[in-house]
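# Sequence first, then the predicted structure:
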Amino acid sequence: MTAAKNGLLRRRTDKAGDAGSKSCQSSPSGSWDVVDVDSLPQFLRDNEFLLSGHRPQLHSIVECCRSAFRIHTETCNIWTHLLGCVGTILLAVYYLTFVTSDWLHGVTFSVFFSGAIFCLGASTIFHMLICHSEEMCILMAKIDYCGVIALIVSSFIPWVYFGFYCHDSTIKLMYMSSAVCLGSLCIWFVLQDKFREPRFRTIRADGQIFGCHDWLIFMAILYLSGGVIYAMRLPERLWPGKFDIWCQSHQILHICVVGGVVACYNGASKLANHRLSLGAQVCNTTSS
């Protein structure tokens, strides 16, 4: 009789433990608590130096979106690029409505704004939905990487068009085609499942900075600094657990990316204004 009672008690304890494990992920009511890194499924353990404050796996897209309004390791990652995306949309509406002088001017900057909005928007959604499931995580990570490449390629377009404003269109097409081809190659690479492995972390970070010219040096510094900090996991590598919520490497990378978008826009818009304000005069000076 005692053995039977002990067996029944063990079965109830095991069921309670299973129920507790499920509630740690998400309860039917949608309530959940942040967890330590050891409680995460393997696909969410991307940074071993962030010890606590993680979202558990949430099997509801709605709940994943609602989690943006709670404090956890991804909160700042979500909002840095969400606000950056909204700001870029507003800037695009203003510039394309009140500043552009002709359709080619508008097209070149439309490409840049589209790439920036796609990059920042994809990153926001990725960080919002990463905890839904492993399949969702893999899918959104690929879209996130494609967004980074889209930003790089689209950033070239206004610079090339106005940088070679007085040159033959062949040179412009050559530069633009090179950027698109390299971008397409990078997209093919990041769509491979192996690209998510930790050994490719440095490549994922450095992929943001290929092909910058010296007149984009400030943007290059921002991207390079953010990429190095992200790849080295600084500062959380030096003080594990101290930067779980704020000032972690991925957040610094996000701020650098937004700063790079602003730097690219600022430089390209000034270059465009210079070329268009002088018109034929600057072309005659260049040709002479």
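Sure, I can see it. Residues are numbered from 1 along each chain as shown.
# got a list of what the residue most central in space within the chain touches?
Taking CA atoms, centre = their mean, the centroid of the chain lies closest to S123, which sits 3.7 Å from it. With CB atoms under 8 Å, 6 or more residues apart in numbering as the criterion, the residues that contact S123 are 77, 81, 144, 147-148, 254, 257. All C-beta atoms are positioned from the backbone trio N, CA, C, and that covers glycine.
# ok, and it, which helix or strand is that part of?
Assigned by DSSP states H and E, S123 belongs to helix 103-129.
# What is the subsequent helix or strand relative to that helix?
Sequence order places helix 134-163 as the next helix or strand after helix 103-129, per DSSP H and E.
# element containing G227?
Taking DSSP H and E as the criterion, G227 maps to helix 217-232.
# what's that helix packed up against?
helix 201-206, helix 249-278 (3 or more CB pairs under 8 Å, 6 or more residues apart in numbering; DSSP states H and E).
# hey, which of those helices is tucked in deepest?
Highest mean neighbour count among the helices and strands packed on helix 217-232 (mean count of other CB atoms under 10 Å): helix 249-278, with a mean of 19.
# Could you check the angle it makes with helix 103-129?
Relative orientation of helix 249-278 versus helix 103-129 (axes from the mean of the first three to the mean of the last three CA atoms, to 10 degrees): 170 degrees.
# for helix 249-278, what is the average pLDDT?
Across helix 249-278, pLDDT averages out at 92.
# That one to helix 134-163, inter-axis angle?
Counting by the same axes, to 10 degrees, helix 249-278 lies at 30 degrees to helix 134-163.
# helices and strands around helix 249-278, which ones?
Packing partners of helix 249-278 (3+ CB pairs under 8 Å, 6+ apart): helix 75-98, helix 103-129, helix 134-163, helix 217-232.
# Can you add distance to C186 and mean pLDDT and give those helices back as CSV?
Formatted as CSV, those follow (distance: least, CB to CB, whole Å; pLDDT from 0 to 100):
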stretch, distance to C186, mean pLDDT
helix 75-98, 20, 98
helix 103-129, 13, 97
helix 134-163, 5, 92
helix 217-232, 14, 88
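# any chance of these in CSV, plus distance to R275?
Shown next, in CSV, are the helices and strands packed on helix 249-278 (distance: least, CB to CB, whole Å):
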stretch, distance to R275
helix 75-98, 16
helix 103-129, 9
helix 134-163, 5
helix 217-232, 19
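# For A179, which of the ones you listed is the nearest?
helix 134-163 (4.4 Å; CB to CB).
# ok now the following helix or strand past that closest one, how far from the chain's centre?
Next helix or strand after helix 134-163 toward the C-terminus (DSSP H and E): helix 169-190. Between the centre of helix 169-190 and the centre of its chain there are 21 Å (CA atoms, centre = their mean, to the nearest Å).
# same question, stretch 100-109
With CA atoms, centre = their mean, you get 27 Å for stretch 100-109.
# try stretch 244-254
Taking the mean of its C-alpha atoms, stretch 244-254 sits 12 Å from the chain's own mean (CA atoms, centre = their mean).
# Contacts for that stretch, please.
Contacts of stretch 244-254 (CB under 8 Å, 6+ apart): 47, 50-53, 71-73, 75-77, 80-81, 84, 123, 205, 226-227, 229-230, 232-237.
# Now do the contacts for the residue lying closest to A268 once chain neighbours are set aside.
Excluding the flanking residues, the one nearest A268 by CB to CB, 6 or more residues apart in numbering is P158, at 4.2 Å. Contacts here follow CB under 8 Å, 6+ apart; on that basis P158 touches 108-109, 111-112, 268-269, 271-272.
# tell me which of those is nearest to L58?
The closest of the contacts of P158 to L58 turns out to be F112 (CB to CB; 34.7 Å).
# so that closest one makes contact with S155?
Yes: in this structure, F112 is within contact of S155 by CB atoms under 8 Å, at 6.0 Å.
# All set now, cheers.
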